[in-house]
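*Asks:* how would this look folded up:
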Amino acid sequence: MSDARTPAQIEADIVRRRDQLAVTLDEIGVRLHPSTIMGDAKAKVASTVDETAGRAFVAVNRVVTDVKAKFTTEDGAPRLERVVPVALLAVGVVGLLALSTRRRRD
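*Replies:* Just a heads-up that it's a prediction; the model follows:
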């Protein structure tokens, strides 16, 4: 059994392969076009920013939840034994800052 092909078959094969090559070259041209490269880079950066922002939101939400749990009871009422000392400390710090600012002006 021989694999002899006719000239018409060979020519048809060459035309088919030439068409496939043209399609492949067009795809490469699109992939390497500067606007395609920039679009891909922008999409990657946007994805990274979204992912980072999502992680930051989860982390901040976790911290806020932890702090809230320390200063409130399970039913949401404030824990005065923890809130009052922190409030006094904050008032003291603000008072010291105001006093030091006043002394600098004089």
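
*Asks:* Could you point out which residue ranges in this protein have low pLDDT?
*Replies:* 1-2, 106 (pLDDT under 70).

*Asks:* can you pull out the helices in it?
*Replies:* Under the criterion DSSP state H, helices of the chain are mapped to 7-32, 34-71, 80-105.

*Asks:* Can you name every helix or strand that the last one contacts?
*Replies:* In this structure, helix 80-105 makes packing contacts with helix 34-71, judged by 3 or more C-beta pairs under 8 Å, 6 or more residues apart in numbering; DSSP states H and E. Just so you know, the C-beta spots here come from the backbone N, C-alpha and C atoms, and that holds for glycine as well.

*Asks:* same check, this time on the second one
*Replies:* Contact here means 3+ C-beta pairs under 8 Å, 6+ apart; on that basis helix 34-71 packs against helix 80-105.

*Asks:* List the contacts of Val83.
*Replies:* Phe71 (C-beta atoms under 8 Å, 6 or more residues apart in numbering).

*Asks:* could you measure it against Thr65, distance?
*Replies:* 17 Å (C-beta to C-beta, to the nearest Å).

*Asks:* do Glu81 as well
*Replies:* 20 Å.

*Asks:* go on, Gly92?
*Replies:* According to C-beta to C-beta, Gly92 and Thr65 sit 27 Å apart.

*Asks:* repeat for Arg103
*Replies:* Between Arg103 and Thr65 the computed distance is 40 Å (C-beta to C-beta).
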